[in-house]
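1. Sequence plus the predicted model coming up.
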Amino acid sequence: MPSPLCPLCVRRLSGVIETTPLSVDVVLPCLDEAEALPWVLHRIPPGWRAIVVDNGSTDGSPDIARDLGAHVVHEPRRGFGAACHAGLTAATADVVCFCDCDASLDPRLLPAVAGPVLNGSADLAMCRRRPTTLGAWPPHARLANLELARLVRRRTGLPLRDLGPMRAARREALLGLGLSDRRSGYPLQMLVRAADAGWRIQETDVPYHPRTGRSKVTGTWRGTWQAVRDMRAVLAEQQPVAVGQNSTGPDASVAGGAR
């Protein structure tokens, strides 16, 4: 079994063990993150591909990302979920990671967070944010996250303590979830539908730093309230009933089709 931090994966073929390059894409939703992009992109793990999804930046972010070697995708529809899903559909790797593009999370930690997916012990890997300073997480945003995590625990039965934005899963399995939210509810819809499909979900603690630049969602009470509304709508979705099978995990969700 490969180490979560190993840049190679190992497979056995006709009794011979051979190594093949690990296939991982990192989706980075981006809206006016010119100041943070160099720090973020220089920390993408070697051999992993950065996909910067520009969501209408006016500060030159796409050009900066392209000059730094990232694959740039343009998503004209505004919304965090729209940007994330555009990155997912543009990805070609077996495993897809998501990470905020504001320097609040260090991409060098992606192999540790994604490790359970890479070694097969989890189907969805997520971070649990641990603030490094009092100002890293605005009080209203942290309170909203705690309340949503409580509602998720009640809805899914999972002992999760955060809705961490740094996460990883298999690309084909994610597409099989039929994610439809294109606003702030996208990360939560991914989690809820994965839980409903019986995925193994695991959290890993990571440091959470003050973001670079202005937050577009949780930087204000109004933005936070809109995000909470989007996520409550996701939690109100009816849990799907599996048809003709009792299997769990990503294969079951793909076989069941989009929900």
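-> Perfect, I can see it now. Numbers count the residues shown, from 1 in each chain.

2. Tell me the secondary structure at Val96.
-> The three-state label given to Val96 by DSSP: H, G, I helix; E, B strand; the rest coil is strand.

3. Can you report how many residues lie near it?
-> By other Cβ atoms under 10 Å, 28 other residues sit near Val96. Every residue, glycine included, has its C-beta placed from N, CA and C.

4. which non-adjacent residue is nearest it?
-> Leaving aside its sequence neighbours, Val96 sits nearest to Arg171 (Cβ to Cβ, 6 or more residues apart in numbering; 4.7 Å).

5. how much space between Val152 and Met190?
-> 12 Å (Cβ to Cβ, to the nearest Å).

6. So for those two, which residue has more residues nearby?
-> Remark: of Val152 and Met190, Met190 carries more neighbours, 26 against 22, as counted by other Cβ under 10 Å.

7. what helix or strand does that one sit in?
-> helix 186-196 (DSSP states H and E).

8. quick one: that helix to chain centroid distance?
-> Centroid separation between helix 186-196 and its chain, computed with Cα atoms, centre = their mean, to the nearest Å, is 11 Å.

9. What pairs with the helix or strand just after it, parallel or antiparallel?
-> Going down the chain from helix 186-196, the next helix or strand is strand 201-208, by DSSP H and E. As defined by DSSP bridges, the strand partners of strand 201-208 come to strand 124-131 (parallel).

10. list the buried ones in the strand it pairs with?
-> Neighbour counts using 16 or more other Cβ atoms under 10 Å place 124-129 of strand 124-131 among the buried residues.

11. Repeat that for stretch 90-106.
-> For stretch 90-106, a neighbour-count test (16+ other Cβ under 10 Å) marks 90-91, 93, 95-106 as buried.

12. Give me the subset of these lying in strands.
-> Mapping the buried residues of stretch 90-106 onto strands (DSSP state E) picks out 95-98.

13. rewinding a little: could I have the CA atoms of the helix holding Met190 written out in PDB?
-> Presented in PDB, the C-alpha positions along helix 186-196 are these (Å, rounded to 0.1, in the frame of the first residue of the first chain):
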ATOM      1  CA  TYR A 186     -21.600  22.800  -3.300                       C
ATOM      2  CA  PRO A 187     -19.100  21.500  -0.700                       C
ATOM      3  CA  LEU A 188     -21.900  20.500   1.700                       C
ATOM      4  CA  GLN A 189     -23.900  18.800  -1.100                       C
ATOM      5  CA  MET A 190     -20.800  16.800  -1.900                       C
ATOM      6  CA  LEU A 191     -20.500  15.700   1.700                       C
ATOM      7  CA  VAL A 192     -24.200  14.900   2.200                       C
ATOM      8  CA  ARG A 193     -24.500  12.900  -1.000                       C
ATOM      9  CA  ALA A 194     -21.300  11.100  -0.300                       C
ATOM     10  CA  ALA A 195     -22.600  10.200   3.200                       C
ATOM     11  CA  ASP A 196     -26.000   9.100   1.700                       C
END
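
14. what packs against that helix?
-> Contact here means 3 or more Cβ pairs under 8 Å, 6 or more residues apart in numbering; DSSP states H and E; on that basis helix 186-196 packs against helix 80-90, strand 124-131, helix 139-156, strand 167-170, strand 201-208, helix 221-235.
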